[in-house]
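**Q** I would like the atomic coordinates for the input below:
(one chain, ligands or ions: 1)
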Amino acid sequence: MKRAIYPGSFDPVTFGHMDMILRSAKIVDELIVAVLINSAKNSLFSIEERVSMLEEMTSGIPNVKVRSFEGLLIDFAKKMDASLIIRGLRAVTDFEYELQLAQTNRIVNAEVDTMFLITSLKYAYLSSTIVKEMASYGGDISQFVPEQLIERIYAKYKQ
Ligand code: ADP
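**A** Okay, the predicted model is just below:
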């Protein structure tokens, strides 16, 4: 039984994340989408909102679960009995940080490996930051995030 963790901020979840989830869920037996509770990072959505958005978006994929976690990813992976961490690579700019992170994690726990999926070409440019930037100016975000989330994202900027 291969259980993997797909960690991130998901603030908010984009089509890029959904593509990663769908592809990863086909590779492993069970995928845990893990939302990082990061008090230092100023997030637009609360942890509860991010978890519930992801739960809504993944409810049709039977082998996907959504959890939140605090602290070290590698500790969370161990706690969940997961042997794999999945990360996405968009551009070379992602590479250096991801390499460091994956190597550090392997030093801490060699039983847990990191696997990278190369972004789908059509989402290569897409990040949560871009979505927030566009939404803050009232721009069209329908090509970036699932339809059900659009109003919730705009609402954050109307408050
Ligand atoms: P983090 O703050 O950990 O980078 P994100 O929520 O931004 O969290 O991203 C979570 C993961 O999803 C990361 O591995 C990131 O590289 C990947 N990811 C984000 N956007 C895309 C995309 N458009 N295509 C492929 N992978 C992506």
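**Q** you'd agree G138 is in a strand?
**A** No. Counting by DSSP: H, G, I helix; E, B strand; the rest coil, G138 is located in no strand; its state is coil.
**Q** Could you report the neighbour count for it?
**A** 10 (other CB atoms under 10 Å). Yep, even glycine has a C-beta here, placed from its N, CA and C like the rest.
**Q** Next: the one 3 residues further on.
**A** I141 is surrounded by 19 other residues when neighbours are defined as other CB under 10 Å.
**Q** for T129, same thing?
**A** When neighbours are counted by other CB under 10 Å, T129 comes out with 11.
**Q** The chain: strands as residue ranges?
**A** 3-8, 30-36, 64-69, 84-89, 113-118 (DSSP state E).
**Q** Looking at those strands, which is nearest to Y125?
**A** strand 84-89 (12.8 Å; CB to CB).
**Q** So which elements touch the closest one?
**A** On a contact count with 3 or more CB pairs under 8 Å, 6 or more residues apart in numbering; DSSP states H and E, strand 84-89 meets strand 3-8, helix 15-27, helix 92-108, strand 113-118.
**Q** Now with 6 Å, please.
**A** In terms of contacts (3 or more CB pairs under 6 Å, 6 or more residues apart in numbering; DSSP states H and E), strand 84-89 is packed against strand 3-8, strand 113-118.
**Q** So which bits of stretch 55-65 are buried?
**A** Across stretch 55-65, burial judged by 16 or more other CB atoms under 10 Å covers M57, T58, I61, V64, K65.
**Q** Oops, could you answer that again for stretch 107-125 instead?
**A** V112, T114, T119, S120, Y123.
**Q** Need these in CSV (columns: distance to the ligand and pLDDT).
**A** CSV is the format used below for the buried residues of stretch 107-125 (distance: CB to the nearest ligand atom, whole Å; pLDDT from 0 to 100):
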residue, distance to the ligand, pLDDT
V112, 15, 96
T114, 10, 96
T119, 3, 92
S120, 7, 93
Y123, 4, 95
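**Q** for the strands of the chain, which one ends up most surrounded?
**A** Compared across the strands of the chain, strand 30-36 shows the largest average neighbour count, a mean of 23 (mean count of other CB atoms under 10 Å).
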